[in-house]
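K.L.:
Here is a sequence together with a model predicted from it:
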Amino acid sequence: MKTFAAALAGLSLVILAGSAAAQTQPARQFEATYSVFARGVQAGDFTYRFSQSGGSYQVSATRRLTGLARSLMGDRQDYTYSARGAVAANGALQPSAYTHRGGRRNRVVNATFSADDVVTTAEPAMGMGNPPATVAQRRNTVDQITAIASMITASADPCARTIRVYMDGRSRFDFVLTPNGRVNVSTQAYRGEALRCRVEFRPIAGFSDPQETEQLTFLFAPTSSGMYAPVRIEMPTDDAGVARLEARRLVVNGQALR
């Protein structure tokens with residue numbers, strides 16, 4: 001049987017090892033502004049901010065209707081999002097908490113992530129889709145804004161992965177990304193070569209309306225920091241089909257790409 005002193009020494013080594021792992025993680029920042037296109041019409045703005053310090057990260061985003069869409073719908077589709085969590089030794093992002101506020105009822109949704117499950121609370125209360133995601137389906141998932149961050153901070157090809165997403169604390173789907181070559185792009189935010197990903201959106205559970213598998217495309221700009229800046233992202237929504245985000249400004253570690 002271990003003595004108390006030996007156990008204490010072992011605990012100290014574990015703490016020191018964890019601290020060393022956190023210190024080896026780089027400090028990183030990413031900011032972006034996107035135009036949102038829904039059903040082929042420019043309908044809003046999406047802003048996104050990610051920061052990592054040591055072994056933790058924070059991410060926030062806003063979605064706001066603009067132009068004719070705002071004239072017709074007001075602020076009923078405006079949302080704010082935030083998430084935080086830990087950065088594993090291999091660089092993987094592990095969310096611990098997610099929140100969003102907005103929509104027609106100004107609903108506040110909180111999701112708490114653990115190793116075993118994701119627990120969601122909402123005020124006012126909301127349905128959990130048909131069928132709702134099971135515990136097994138919720139396990140080992142990330143929220144949708146952490147999903148974007150996981151691609152930005154990928155240590156290998158961001159186009160070679162499957163991301164298990166639990167969107168808005170309710171809707172469960174997979175993004176299955178495969179490489180689809182490189183393309184030259186010239187946009188307001190970035191000019192140069194971009195990685196193109198073929199993305200299969202696989203709905204699993206928790207949607208209010210029937211969903212079908214979609215084929216999407218993501219474009220990423222490789223940067224000297226090692227991060228990948230999303231130039232174009234396509235994301236499912238509960239109310240407007242697939243929304244396309246086109247970058248207007250991309251800033252990596254304080255430096256604008258263009």
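P.N.:
Yes, it's here.
K.L.:
was I right about residue 153 contacting residue 93?
P.N.:
Yes - between residue 153 and residue 93 there is a contact at 6.9 Å, judged by C-beta atoms under 8 Å. From N, CA and C alone the C-beta is placed, and that goes for glycine too.
K.L.:
what do these two both touch?
P.N.:
Both residue 153 and residue 93 lack any common contact, where contact means C-beta atoms under 8 Å, 6 or more residues apart in numbering.
K.L.:
hang on, isn't residue 140 packed against residue 164?
P.N.:
Yes - using C-beta under 8 Å, residue 140 is in contact with residue 164, at 5.9 Å.
K.L.:
Tell me where this structure has strands.
P.N.:
28-38, 41-53, 56-65, 79-87, 93-102, 107-113, 118-123, 161-167, 171-186, 191-205, 214-222, 228-236, 242-252, 255-256 (DSSP state E).
K.L.:
Give me whichever of the ones you listed is most buried.
P.N.:
Most buried of the strands of the chain by mean neighbour count (mean count of other C-beta atoms under 10 Å) is strand 228-236; its value is a mean of 22.
K.L.:
what packs against it?
P.N.:
strand 28-38, helix 144-152, strand 171-186, strand 191-205, strand 214-222, strand 242-252 (3 or more C-beta pairs under 8 Å, 6 or more residues apart in numbering; DSSP states H and E).
K.L.:
Let's see that with 6 Å instead.
P.N.:
If you count contacts as 3 or more C-beta pairs under 6 Å, 6 or more residues apart in numbering; DSSP states H and E, strand 228-236 packs onto strand 214-222, strand 242-252.
K.L.:
Please work out which residues outside that strand touch it.
P.N.:
Outside of strand 228-236, the residues within contact range by C-beta atoms under 6 Å, 6 or more residues apart in numbering are 152, 158, 190, 194, 201, 216, 218-223, 242-247, 250, 252.
K.L.:
Parallel or antiparallel, list what pairs with that strand.
P.N.:
Partners of strand 228-236 in the sheet, by DSSP bridges, are strand 214-222 (antiparallel), strand 242-252 (antiparallel).
K.L.:
Export those as TSV, with columns for mean pLDDT.
P.N.:
Below are these laid out as TSV (pLDDT from 0 to 100):
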stretch	mean pLDDT
strand 214-222	95
strand 242-252	94
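K.L.:
Kindly reformat these as JSON lines containing distance to residue 62.
P.N.:
Output for the strands paired with strand 228-236, formatted as JSON lines (distance: least, C-beta to C-beta, whole Å):
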{"stretch": "strand 214-222", "distance to residue 62": "21"}
{"stretch": "strand 242-252", "distance to residue 62": "12"}
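K.L.:
out of these, nearest to residue 56?
P.N.:
Taking C-beta to C-beta, strand 242-252 is the member of the strands paired with strand 228-236 nearest to residue 56, at 19.3 Å.
K.L.:
So which residues make contact with the closest one?
P.N.:
30-38, 46, 188-190, 223, 225, 227, 229, 231-237, 257.
K.L.:
and if you look at stretch 42-55?
P.N.:
By C-beta under 6 Å, 6+ apart, stretch 42-55 touches 22, 25, 27-36, 58-66, 69, 86-87, 149, 245.
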